[in-house]
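Novice: Take a look and give me a structure for this.
(one chain, ligands or ions: 2)
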Amino acid sequence: MTIVEIPGSKSITARALFLAAAAEGSTVLRRPLLSDDSEGFAEGLRALGYRIDQQPGVWTVEGRPAGPAVAEADVFCRDGATTARFLPALVSAGRGTFRFDASAQMRRRPLGPLTGALRELGVDLTHEQAEGHHPLTVRADGIKGGALTLDAGLSSQFLTALLLTGPLTADGLDITVSDLVSVPYVEMTLAMMRRFGNDARRVGDTFHVPAQPYRATDYLIEPDASTASYFLAAAALTGRTVTIPGLGSDSLQGDIRFAEVLRQMGAEVSLSADSVTVTGPERLRGITVNMRDISDTVPTLAAIAPFGDGPVRIEDVYNTRVKECDRLAACEQNLRAMGVRVSTGRDWIEIHPGQPHAAAIACHGDHRIAMSFSVTALRTPGGVTLDDPACVRKTFPGFHEALSALRAEWQL
Ligand SMILES: O=C(O)C1=C[C@@H](OP(=O)(O)O)[C@@H](O)[C@H](O)C1
Ligand SMILES: C=C(OP(=O)(O)O)C(=O)O
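Specialist: Ligands and ions are numbered 1, 2, ... in the order given. So this is what the prediction gives:
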């Protein structure tokens, strides 16, 4: 049995930073993620005048319920969609002129439903180039609040940004959503808002957010369940056993359900409140699975799918086409390059059984493509080469070292 320590959750770290910045008092965050996304989020807050003390394993954030400490700022959001979507909403509830830009990759990703909603709430927001994309400028003068509608079919992060901001408005928000994807991330948002003292709740398709101030707290960040998926998949693929401590049925992260997907494929899975263990079967089974709730693990599943005894079909994942890259297209391209038969439609991918051969993998600057196909390499004679191995820094800079340690232990 191999124990793998997984770094902190990207999504929980981003929310915790937002909530701590907006809370009355000083918040202690334990075991935050150290990666490009989380560093970028913290750097963005600092540019807005928030004070964050970063010690190894412990970040302390001085909250400012009234909003940014500066009247003007320029924030670069790197590749992080949580930074690029949550921070413009945060500043909108404050006062001042704030410009946001992001990497070329992030500039391509959608923002329109969120900026449209902020405008509906009276926020003066202008896009500098393409409508609905970075760069943008917010001239903020507080938000009164009220009712609004939101299309969350491309990303749940639009809703999370508004939910997190709701308590900072004068009257609170009532947000009615359509076509919501990635529901577990919204449940995570509500659960974390509760931990910081706000009783936002969902009734049907409407989210009610009272203007109830956030209070500082002491918050322990869980290991990242999407990152865990690569190590659980590695066990499933090689017939080994991997245990991940700190991540189990009590997790706030929907992606822990990836273990259930592996169970359907024949792996032995045991889940306690705070750990998960996966043992790979003799032969993986082909399955059909809807991954709308856990779409960050689509590339992980696609990468081990050729080793099934029948086709693996992944459905209802259109929005994986607007992530760091078009992930259905990237999975299709790379599996084909390895000689695997694969087909895709608007919101699905189907992968047929076959032994992959060595190939050069096009990462498209996407950490999940790089990490997923590194797992395929464990059972690919000749392995793979990645055109951009460093792109894993977005969520797990130490990924390659961690996977090499597994290889060494398993003598692969
Ligand atoms: O809110 C979050 O922290 C996230 C929500 C999901 O995005 P979508 O809602 O765009 O699917 C997920 O893919 C992303 O990695 C993190
Ligand atoms: C989609 C992802 O990130 P982001 O927060 O940039 O959307 C991801 O980490 O897979």
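Novice: Quick one: the helices in the protein, in order.
Specialist: 10-22, 36-47, 81-92, 104-108, 112-120, 157-165, 183-195, 225-238, 258-264, 298-304, 327-337, 367-376, 399-410 (DSSP state H).
Novice: Which one, of those, ends up nearest to ligand 1?
Specialist: helix 10-22 (3.1 Å; Cβ to the nearest ligand atom). From N, CA and C alone the C-beta is placed, and that goes for glycine too.
Novice: near ligand 1 at all, that closest one?
Specialist: Yes - counting by Cβ under 6 Å from any ligand atom, ligand 1 has neighbours in helix 10-22: Ser11, Ala14.
Novice: re the thing from before, got the helices of the chain as a markdown table, with mean pLDDT and mean neighbour count columns?
Specialist: Below are those laid out as a markdown table (pLDDT from 0 to 100; neighbours: other Cβ atoms under 10 Å):
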| stretch | mean pLDDT | mean neighbour count |
| --- | --- | --- |
| helix 10-22 | 99 | 28 |
| helix 36-47 | 98 | 23 |
| helix 81-92 | 98 | 26 |
| helix 104-108 | 98 | 16 |
| helix 112-120 | 98 | 20 |
| helix 157-165 | 99 | 27 |
| helix 183-195 | 98 | 19 |
| helix 225-238 | 99 | 27 |
| helix 258-264 | 98 | 21 |
| helix 298-304 | 99 | 28 |
| helix 327-337 | 99 | 21 |
| helix 367-376 | 99 | 28 |
| helix 399-410 | 98 | 15 |
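Novice: closest to Arg283 out of these?
Specialist: The closest of the helices of the chain to Arg283 is helix 225-238. By Cβ to Cβ, the value is 10.8 Å.
Novice: related to what we said a few turns ago, ligand 2 is nearest to which of the helices of the chain?
Specialist: Comparing the helices of the chain by their distance to ligand 2 (Cβ to the nearest ligand atom), the top pick is helix 81-92, with 3.2 Å.
Novice: Are that closest one and ligand 2 in contact anywhere?
Specialist: Yes - on the criterion Cβ under 6 Å from any ligand atom, helix 81-92 is in touch with ligand 2 at Ala81, Thr82.
Novice: for that helix, packing partners?
Specialist: Helices and strands touching helix 81-92, by 3 or more Cβ pairs under 8 Å, 6 or more residues apart in numbering; DSSP states H and E, are helix 10-22, helix 36-47, strand 95-101, helix 112-120, strand 136-141, helix 157-165.
Novice: And those: which comes nearest Ala200?
Specialist: Closest approach to Ala200 among the helices and strands packed on helix 81-92 is made by helix 157-165 (5.9 Å; Cβ to Cβ).
Novice: For the closest one, output the C-alpha coordinates as CSV.
Specialist: What follows is helix 157-165, C-alpha atoms only, in CSV (Å, rounded to 0.1, in the frame of the first residue of the first chain):
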residue,chain,number,x,y,z
GLN,A,157,-17.8,30.0,-11.1
PHE,A,158,-20.0,32.8,-12.3
LEU,A,159,-22.5,31.8,-9.6
THR,A,160,-19.8,31.2,-7.0
ALA,A,161,-18.4,34.7,-7.6
LEU,A,162,-21.9,36.3,-7.1
LEU,A,163,-22.7,34.1,-4.0
LEU,A,164,-19.4,35.0,-2.3
THR,A,165,-20.1,38.7,-3.1
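Novice: what angle sits between that helix and helix 183-195?
Specialist: For helix 157-165 against helix 183-195, the angle by axes from the mean of the first three to the mean of the last three Cα atoms, to 10 degrees is 10 degrees.
Novice: hmm, who's touching helix 157-165?
Specialist: 15, 18-19, 22, 81-82, 85-86, 88-90, 92-93, 111, 113-114, 117, 143, 148, 150, 152, 173, 175, 177, 180, 182, 185-186, 189-190, 193, 200, 207, 209 (Cβ atoms under 8 Å, 6 or more residues apart in numbering).
Novice: And that helix, how far out from the chain middle?
Specialist: Distance of helix 157-165 from the chain centroid (Cα atoms, centre = their mean, to the nearest Å) equals 14 Å.
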